[in-house]
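[1] fold the following for me, if possible:
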Amino acid sequence: MTSPVTSPAGERRLLLGSGPSPVPQRVLDALARPTLGHLDPRFGEVMEDVARLLRATFQTANDVTLPLSATGSGGMQMLVDALVVPGDRVVCGVHGAFGARMADALGRAGAEVEVVEAAWGRAIPVERLTAALRPGDRALFVVHGETSTGVCQPLDGLGDAAHEAGALLFVDCVTSLAGQPLDLDAAGVDAAFSGSQKCLNAPPGLAPFTAAPRALERLSRRSWYFDLAAYLGYWRPEGDGARVYHHTAPTNMVVALREALAVVQEEGLEARWARHAVAHEALRRALEVLGLERIAPAGEQLHPLLAVRVPDGVDEAAVRGALLRDHGIEVSGGLGPFAGAAWRVGVMGEGARPEAQERLVGALAGLLGADAPAALRALDEGWRGAEVRS
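    I've put the predicted structure just below:
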């Protein structure tokens, strides 16, 4: 399979930032197929395929599983607008930019937000999150894969604790879905959202979303566009099976997402999770040789996103700019307290391959004046040691 990551610099960008990620050629080919109408029965068959494949990828039996016509931020907005009403108390974990964004969205919706914070670059201790719950709370929200810091938040016990308090468990898995071990039903997650442009390797523009029956018992309809009941009239028709028009879905994008999800299932989730773990560790070792140390401590790392500290004296913006301009490789700068002091490197889908990482490590070594052979050797040893090079 031809992949964009094998193209020489200058022909096509190598997207190794925080997203979007490299899109396989077969997904691009699917995107370019003749456009279907959003009410065409043939597109209805695509919709059914996508819902089935998303359930398998989320590891959930939820009937309400679909891609929203929005980015991952739209998935967040759907969760807030459809499942939270003014006056609800919500415990919100914040250990990076995207937890803070959710706390802001909840506050704007009139919720009583109980923020549980941890330092950027660390996971939040589960016991602190559960201790903040009170009987009658509407929900507990956490970011499973914090894209701003490269940290994975443990979900162990959160579902049970939330349900015992009568609350729901909401999860942002934008960067973790299909790249980090995640089983929504086993974790007791009641609603979650993701994005098409991360480990799914589809273009940006869709937000995979799922909600369990417990979450649907009290739907809010205060938003017009993010009215989940209206979405379901289109995606999950009842009665005579006629789909009720709500908006014009981006049909080509949904076709492309079906192809991307098929790629995920062909590889197998467990094999894909294992590949991302190996790719993360191999790249971490190589970048360490270049003087770039991972921010997340061992055991808290998010495999699809490697956030590293830039050494003192390095103009990180200038190096990033040269990496893109001269080598065609994109990585992302730091956010919040890490702005100007960190890089966020995507290890997502087709970006979690030896060829993509070799190109990055070689280019970075040249720009930093570092030992390229030693770094590339560390990368190769990381892949060969795991015997998963492909």
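
[2] switch to C-alpha atoms for all contacts and neighbour counts from now on
    OK.

[3] what sits up against stretch 170-177?
    Identification of contacts with stretch 170-177 by CA atoms under 8 Å, 6 or more residues apart in numbering yields 57-58, 72, 76, 139-147, 182, 189-195, 198-200, 302-305.

[4] in the helix or strand harbouring E358, what's buried?
    With elements taken from DSSP states H and E, the one containing E358 is helix 354-368. If you call a residue buried by 16 or more other CA atoms under 10 Å, then helix 354-368 has these buried ones: 354, 356-365.

[5] among the residues you listed, find me the one that's closest to M47.
    A356 (32.1 Å; CA to CA).

[6] my read: that closest one touches S21, true?
    No - the pair A356 and S21 does not pass the contact test of CA atoms under 8 Å, sitting 11.3 Å apart.

[7] overlap in contacts, these two.
    Common neighbours of A356 and S21 (CA under 8 Å, 6+ apart) are E350.

[8] check which helices and strands the longest helix belonging to the chain sits against.
    Longest helix in the chain by number of residues (criterion: DSSP state H): helix 269-289. The contact analysis (3 or more CA pairs under 8 Å, 6 or more residues apart in numbering; DSSP states H and E) places helix 269-289 against strand 293-294, strand 305-309, helix 354-368, helix 372-386.

[9] what angle separates the last one from helix 354-368?
    Helix 372-386 and helix 354-368 meet at an angle of 160 degrees, taking axes from the mean of the first three to the mean of the last three CA atoms, to 10 degrees as the criterion.

[10] what packs against helix 372-386?
    Using 3+ CA pairs under 8 Å, 6+ apart, helix 372-386 is in contact with helix 269-289, helix 354-368.

[11] what's the answer for the third one, then?
    Counting by 3+ CA pairs under 8 Å, 6+ apart, the packing neighbours recorded for helix 354-368 are helix 269-289, helix 316-327, helix 372-386.

[12] buried ones in the second one, by neighbour count?
    Which is helix 316-327. In helix 316-327, counting by 16+ other CA under 10 Å, buried: 316-317, 320, 322-324, 327.

[13] cool, and stretch 266-275?
    In stretch 266-275, counting by 16+ other CA under 10 Å, buried: 269, 272-275.

[14] mean confidence for that stretch?
    For stretch 266-275, mean pLDDT is 98.

[15] return the distance of that stretch from the chain's centre.
    16 Å (CA atoms, centre = their mean, to the nearest Å).

[16] now do stretch 218-233
    On CA atoms, centre = their mean, the centre of stretch 218-233 falls 23 Å from that of its chain.

[17] can you tell me the distance between the two ends of that stretch?
    End-to-end span of stretch 218-233 (CA to CA, to the nearest Å): 17 Å.

[18] buried residues in that stretch?
    Under 16+ other CA under 10 Å, the buried positions of stretch 218-233 are 220-221, 225-228, 230-233.

[19] which of those fall in helices?
    Checked against DSSP H, the buried residues of stretch 218-233 include these in helices: 228, 230-233.

[20] farthest pair within these?
    Using CA to CA, the two most remote members of those are L228 and G233, lying 8.7 Å apart.

[21] could you export the helices and strands packed on helix 269-289 as CSV, including mean pLDDT and distance to V50?
    Shown next, in CSV, are the helices and strands packed on helix 269-289 (pLDDT from 0 to 100; distance: least, CA to CA, whole Å):
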stretch, mean pLDDT, distance to V50
strand 293-294, 98, 36
strand 305-309, 98, 25
helix 354-368, 98, 28
helix 372-386, 94, 32
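
[22] make JSON lines out of these and add distance to D104.
    Shown next, in JSON lines, are the helices and strands packed on helix 269-289 (distance: least, CA to CA, whole Å):
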{"stretch": "strand 293-294", "distance to D104": "28"}
{"stretch": "strand 305-309", "distance to D104": "24"}
{"stretch": "helix 354-368", "distance to D104": "35"}
{"stretch": "helix 372-386", "distance to D104": "40"}
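
[23] out of the ones you listed, flag the one nearest P213.
    Closest approach to P213 among those (CA to CA): strand 305-309, 31.7 Å.

[24] who's in contact with that closest one?
    Here strand 305-309 makes contact (CA under 8 Å, 6+ apart) with 18, 147-150, 175, 280, 284, 292-296, 341-348.

[25] partner strands of that strand, parallel or antiparallel?
    Sheet partners assigned to strand 305-309 using DSSP bridges are listed as strand 293-294 (antiparallel), strand 342-346 (antiparallel).

[26] ranking the ones you listed by burial, who's on top?
    Among those, strand 342-346 has the highest mean neighbour count (mean count of other CA atoms under 10 Å), at a mean of 27.

[27] what angle do that one and helix 316-327 make?
    Using the same axes, to 10 degrees: strand 342-346 against helix 316-327 is 40 degrees.

[28] what mean pLDDT would you report for strand 342-346?
    pLDDT averaged over strand 342-346 gives 98.
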